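*Asks:* what shape does this take:
(4 chains)
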Number of protein chains: 4
Amino acid sequence: MKKLKRRLKYAMVGGGENSFIGPIHRMAVRLDDTADLIDGCYSHKDNWRDLIERVRGKVDFLTICTPNDSHYEIAKAALDADMHVFCEKPVSMNAKEALELQKLSLQKKKIIAVPFTYTGNAMIKLARDLVRKGVLGRICKVNIEYVQGSFRKIDPNEPTDARIAWKKDPLRSGPSCVTADIGVHAAALIEYTTGLQIESVLADISTFSKGTVLEDDASILMRLTSGAKASLVTSKVATGEENGVRIRIYGEKASCYWNQEDPNYLYVKYPFEPERIYKRNAPYIANLSPVAKRLSRIPAGHPEGFIEAFANIYSEFCATISGVRKGDFPDIGTGVMTMKFVDAVLKSARTGSRWVRL
Amino acid sequence: MKKLKRRLKYAMVGGGENSFIGPIHRMAVRLDDTADLIDGCYSHKDNWRDLIERVRGKVDFLTICTPNDSHYEIAKAALDADMHVFCEKPVSMNAKEALELQKLSLQKKKIIAVPFTYTGNAMIKLARDLVRKGVLGRICKVNIEYVQGSFRKIDPNEPTDARIAWKKDPLRSGPSCVTADIGVHAAALIEYTTGLQIESVLADISTFSKGTVLEDDASILMRLTSGAKASLVTSKVATGEENGVRIRIYGEKASCYWNQEDPNYLYVKYPFEPERIYKRNAPYIANLSPVAKRLSRIPAGHPEGFIEAFANIYSEFCATISGVRKGDFPDIGTGVMTMKFVDAVLKSARTGSRWVRL
Amino acid sequence: MKKLKRRLKYAMVGGGENSFIGPIHRMAVRLDDTADLIDGCYSHKDNWRDLIERVRGKVDFLTICTPNDSHYEIAKAALDADMHVFCEKPVSMNAKEALELQKLSLQKKKIIAVPFTYTGNAMIKLARDLVRKGVLGRICKVNIEYVQGSFRKIDPNEPTDARIAWKKDPLRSGPSCVTADIGVHAAALIEYTTGLQIESVLADISTFSKGTVLEDDASILMRLTSGAKASLVTSKVATGEENGVRIRIYGEKASCYWNQEDPNYLYVKYPFEPERIYKRNAPYIANLSPVAKRLSRIPAGHPEGFIEAFANIYSEFCATISGVRKGDFPDIGTGVMTMKFVDAVLKSARTGSRWVRL
Amino acid sequence: MKKLKRRLKYAMVGGGENSFIGPIHRMAVRLDDTADLIDGCYSHKDNWRDLIERVRGKVDFLTICTPNDSHYEIAKAALDADMHVFCEKPVSMNAKEALELQKLSLQKKKIIAVPFTYTGNAMIKLARDLVRKGVLGRICKVNIEYVQGSFRKIDPNEPTDARIAWKKDPLRSGPSCVTADIGVHAAALIEYTTGLQIESVLADISTFSKGTVLEDDASILMRLTSGAKASLVTSKVATGEENGVRIRIYGEKASCYWNQEDPNYLYVKYPFEPERIYKRNAPYIANLSPVAKRLSRIPAGHPEGFIEAFANIYSEFCATISGVRKGDFPDIGTGVMTMKFVDAVLKSARTGSRWVRL
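*Replies:* Below is the predicted model:
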């Protein structure tokens, strides 16, 4: 981790101590000493406008980790106040809002980073770079899962966990639950690793858990540019699953597999050679993927995890806004694509699983 | 393995020494000393009618492991000659033929076993029995892969492997390649383990390899009875995959995972308890699944593999036709269902991925 | 599996239906159709002399799977009756007896095979051949475990399992329990894979379970020829372990790992390259290890297990005695070495863990 | 992570940007915002006395990450200056020095923490607590490896990596290389998890790599209080290994397995029940091990790694010195024990592998 020229400053909306994601943002920033948190409104969203006034001109960026329904409005206000933005996914309630943010971002010349965390994992960087180098050959198929059992983890005798409750509420969460909450990570991973675009989607969605009208399970087929196909299963009712992000990418020459719960390894299979296990920060990584090397803090065999992947997004974002280098991180472009993806999934599901273009 | 009352006799059509599946049938039968092979025509299908005449009244059953296009005709002739039949999948070229075989099987009171091999694995028996006992609760979702890279394993300097070539030829293979060849195993596994039926399917199919007009890759969504959903990826172009059958079954209370390449273990996940690894023939198996116990030859920790699973189909079939007990093995019922599945997948693919009822 | 020129015949002493190992011998022989079992005395050892008389001149070999105390005597009688012998390990009660068998074997020009089963696994063949080819460089260290929990698996409310009871009895089992029963497999694996000899051993042994005066746990250090070292933990009280044979071989250039409970894979690690997973019967195996290829029945991805490894010992033994080829299997040489190993371990343990030469 | 009452301050000796361990200390402290680094001398040890004078009365503790030979002197000076100490292992060159530090620590009422990092892993806390609760029953045996291939990772065309060179030099490293550098972690893990003490050791050591007279490989047997035994293989020449810390603890009732390279899981095996996989921060952890819960930052399924384990040592140490609670971390007591362990291993090796009491 190269030191930045000057220390950055940031403020935060949402993400109090009891939230899941707020402390992760703060740990991620501290891990690499990327920026100093100088102010924040963590619990109620009423006073975020005051916060923005307070820190205008004093911070480099604003981190937004409120529930989904306020992302758009806060991000817009932050851009208007000439701050860069680090905004939780989904970046908005729909593609229209995301496109507006993108437009404003361009006008104001401010960057919106969106933490599609898994694109920050060093071994996902390696996968992307192996694809770019042609090691896998032309990509034909991607098979990806993002499954959680969180909606099955609610003790029936207990009131619903507040950290889950808002995700079931269309007013806070938007028109989609599982697709907008975690399916978007899968869409981002597919495009990031393959370098292809999702052209159209087809979906079958379900609501298996109680207390919500939103979809908590989805099976989604995709057609990618250049004729490749993808299949995604994403679920909040995958009982017993913790955070199962598993991606298999099949090319004409080789295929690779990555599992978020075992993130330091990338498995590559060949037709005529032994399978290989690539390891984060092993000696051969630097040549294959300079960014995977750059984003490793400690030697192979010393596991890095989720917080480190999250920190990678911040460190690349901060390197970019401080002018050190053009970083490798997901921005509003991915935010727009993933919202188009959500909109198309919902439209397909409403129309009997028709193919819908993004 | 209880000994049968009397030794059975059988003959074989197809499956010479150079075939993949023929030697497996013979090893499977010998492993448990289930029957004696007394005659066969292994290389050309021309003379199978002579064989049937020769062994009529002398064998208990006929094993058929020719390419797909002759299954129907040979099975029909064997039933007509009052033999039981052990016929490779797909049992026919389409559902219509399979239904005819089923009808004839009933008329002749002869059994047609079909080696959906993986339903013979002890840990799949256990999975089925855990579902039956309600351990997983109501089943919501099945996510299954059956992926091979065999069509990528052809050395470009070599003529195509003869064991693969016929699978690419619609005249030998029928109207479907990957779905009929291995997708049917997935369909059989879904119905066997969950006890639910596949009501309708939706498919997106592709042909990525050269030298065939048939589909070598398919993404298939399913709706099961009782509202459950399933997703299947099946492929012959999954570069580097050997024989990747991986099934995840999600219920309201628990989920389970099984991987054919690691077949002695069943992984069960719960919301509030540690994941459990059930092991073939461990002391607790007998109570949970008498059939999983019965079909284990050696102690836990001593791996059994593919041949043993195959032998389980034979031993249950032979126990049945010799009147020892009603065995637990896939018969023409599963044969019919899987051919309806293939027909529906092809129809869905032809109509822009519409939902098609089986 | 090449067919033998003529069918072999064999008889068996010990190994009735209720024994663990008897049925495995019979399944292993049948799997490859190696020989026909024509006679046997399975339950009492009293009449084995009658059996030998009965089958003298009619069988090619005698299989011995009685408890340890009778191996020597029966093997001797079989050799005297001009039969080849396939004798369970430990081949005798001590090295002296094993040496006598070796001498007699030479005199009579009859072969004694000893099923050090794991040396029959295709991936162990591959490991041996990678070492021979210099892929691992000079071998420095071997770390091996052979651990079982069988002595912890006795229901306290039940009489001890008869299949375990005799192993605790010095009259049947001999002066060593765990070392002679399973430690010998480890010794055989070390010498087989590395091509080095065990020069001296040092041991610390314990008796943790009730009902025996014999050692049920041992930690053994070894010095091998050429300066390499080895460490072995072997136990019958490794609670919860099934049949944990795990070997790690470290050379100057690379290392390899094999786990009997996952036997179709060999993991090879390098300093500057990704770890490789070699798979049984993958396309690259034939060049690296012709014998690993020869001893594979079915394609990669279709698991073979313990019975298959056992059958490999028989098929190589039978190929040898029928003159087809000089097979690759453990014979009385390994039998003698392993009994010297047992004697040396016991002597070291008695003398306060001194180094003892084999 | 509960916030401390007031912010702590610390300074650092050694551990510049190019060192392996220095940045880890700083990341670990920042991750949980445990303390502020206010001063340090990172590159030369000459001026550490000046540093201590400079920060005397201004810091709560001094972190020492110089090479081994200066630990004792610097720690002594820091205690004399009334600072708590966080000192890298091995805490000294021999047991005598460690005992002096312990004495001085008591006199000055200052704490010396020693980062036996792996005792900071949440799943090692759980293992310790399962043992304490009697889940494993009386402990009989521990089998542990700590193997690295770092001495094989030196490109023959390159000058030796400076981060490795000093470890080979007896003047900087002390009389032991692999035992003092990583074997001590194993000794600490054994005592921490089992609650037993190492009474005596027996060792066979080797020097396989060039450029050093110190041992780079050791096989060590141990006798623990209450009659349990342990076996350790530790190596710097385990080619291809990254940081292989693998521990298996066998009790009368159950056993457990933990692998540092897969640190979020603890595998527990039983004689009559399925194996269980305990997961960091799963819902059932809080009851079994409050400290494992306390030291988890993010939900199960979101991996934590090496830096997080390291941070756990700091956070417990800081909680202790700031009076928040009595923390759970390795202190000079473990430092003394591990140096006695090193001394005894060397003595045993010098005397032909005799048993030597600690």
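*Asks:* tell me the residues of chain A that contact chain D?
*Replies:* Residues of chain A lying close to chain D (Cβ under 8 Å from any Cβ of the partner chain) are A:20, A:23-24, A:26-27, A:30-33, A:148, A:153, A:241-244, A:260-264, A:279, A:282-283, A:297-308. From N, CA and C alone the C-beta is placed, and that goes for glycine too.
*Asks:* just the buried residues of those.
*Replies:* A:23-24, A:26-27, A:30-33, A:148, A:153, A:241-244, A:260-264, A:279, A:282-283, A:297-308 (16 or more other Cβ atoms under 10 Å in any protein chain shown).
*Asks:* quick one: residues contacting the nearest residue to residue A:222 once chain neighbours are set aside.
*Replies:* Beyond its immediate neighbours in the sequence, the residue positioned closest to residue A:222 (Cβ to Cβ, 6 or more residues apart in numbering or on different chains) is residue A:230, lying 4.0 Å away. Applying Cβ atoms under 8 Å, 6 or more residues apart in numbering or on different chains, we find residue A:230 in contact with A:141, A:142, A:143, A:144, A:190, A:198, A:221, A:222, A:223, A:224.
*Asks:* quick one: low-confidence ranges for chain A?
*Replies:* A:1-5, A:44-45, A:155-160 (pLDDT under 70).
*Asks:* and it, what are its domains?
*Replies:* The record assigns chain A these domain ranges, following automatic domain parsing: A:8-117, A:121-296+A:337-350.
*Asks:* show me what from chain A comes close to chain C.
*Replies:* Counting by Cβ under 8 Å from any Cβ, the positions of chain A adjacent to chain C are A:268, A:271-279, A:282-284.
*Asks:* CSV for these, including secondary structure and distance to residue B:212?
*Replies:* What follows is these, written out as CSV (DSSP: H, G, I helix; E, B strand; the rest coil; distance: Cβ to Cβ, whole Å):
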residue, secondary structure, distance to residue B:212
A:268, strand, 26
A:271, coil, 17
A:272, coil, 21
A:273, coil, 25
A:274, coil, 28
A:275, strand, 26
A:276, strand, 29
A:277, strand, 33
A:278, strand, 33
A:279, strand, 38
A:282, coil, 39
A:283, coil, 42
A:284, coil, 37
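*Asks:* for ChimeraX, write the select line for the buried members of those residues.
*Replies:* A single ChimeraX command is used to select the members of the residues of chain A next to chain C judged buried by 16+ other Cβ under 10 Å:
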select /A:268,271,274,275,276,277,278,279,282,283,284
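*Asks:* tell me the one among the residues of chain A next to chain C nearest to residue C:112.
*Replies:* The shortest separation between residue C:112 and any of those is 36.3 Å, and it belongs to residue A:274 (by Cβ to Cβ).
*Asks:* residue C:280 is in contact with that closest one, correct?
*Replies:* No. At 11.5 Å, residue A:274 and residue C:280 do not qualify as touching, with contact defined as Cβ atoms under 8 Å.
*Asks:* skip the chain neighbours and tell me the closest residue to residue A:83.
*Replies:* By the measure of Cβ to Cβ, 6+ apart, the closest residue to residue A:83 outside its immediate chain neighbours is residue A:62, 4.8 Å from it.
*Asks:* kindly report the same for residue A:283.
*Replies:* The shortest distance from residue A:283 to any residue that is not its chain neighbour, by Cβ to Cβ, 6+ apart, is 5.1 Å, and that residue is residue C:272.
*Asks:* same deal with residue A:194?
*Replies:* For residue A:194, ignoring the flanking residues on the chain, the nearest one in space by Cβ to Cβ, 6+ apart is residue A:139 at 4.9 Å.
*Asks:* could you give the number of residues near that neighbour?
*Replies:* The number of residues packed near residue A:139 is 23, by other Cβ atoms under 10 Å in any protein chain shown.
*Asks:* before we move on, what about residue A:134?
*Replies:* Count around residue A:134 with other Cβ under 10 Å applied: 12.
*Asks:* doesn't it lie inside a strand?
*Replies:* No. With DSSP: H, G, I helix; E, B strand; the rest coil as the criterion, residue A:134 is coil rather than part of a strand.
*Asks:* for it, what are its contacts?
*Replies:* Taking Cβ under 8 Å, 6+ apart as the contact definition, residue A:134 lies against residue A:253.
*Asks:* now swap in the one 5 residues further on and tell me
*Replies:* With contact set as Cβ under 8 Å, 6+ apart, residue A:139 has these partners: A:131, A:194, A:196, A:224, A:226, A:228, A:249, A:250, A:251.
*Asks:* TSV please, covering those and showing secondary structure and neighbour count.
*Replies:* TSV is the format used below for the contacts of residue A:139 (DSSP: H, G, I helix; E, B strand; the rest coil; neighbours: other Cβ atoms under 10 Å in any protein chain shown):
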residue	secondary structure	neighbour count
A:131	helix	22
A:194	helix	25
A:196	coil	19
A:224	strand	21
A:226	helix	12
A:228	coil	23
A:249	strand	28
A:250	strand	31
A:251	strand	24
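*Asks:* picking that back up, the residue nearest to residue A:222 falls within a strand, correct?
*Replies:* Yes. With three-state DSSP as the criterion, residue A:230 is located in a strand.
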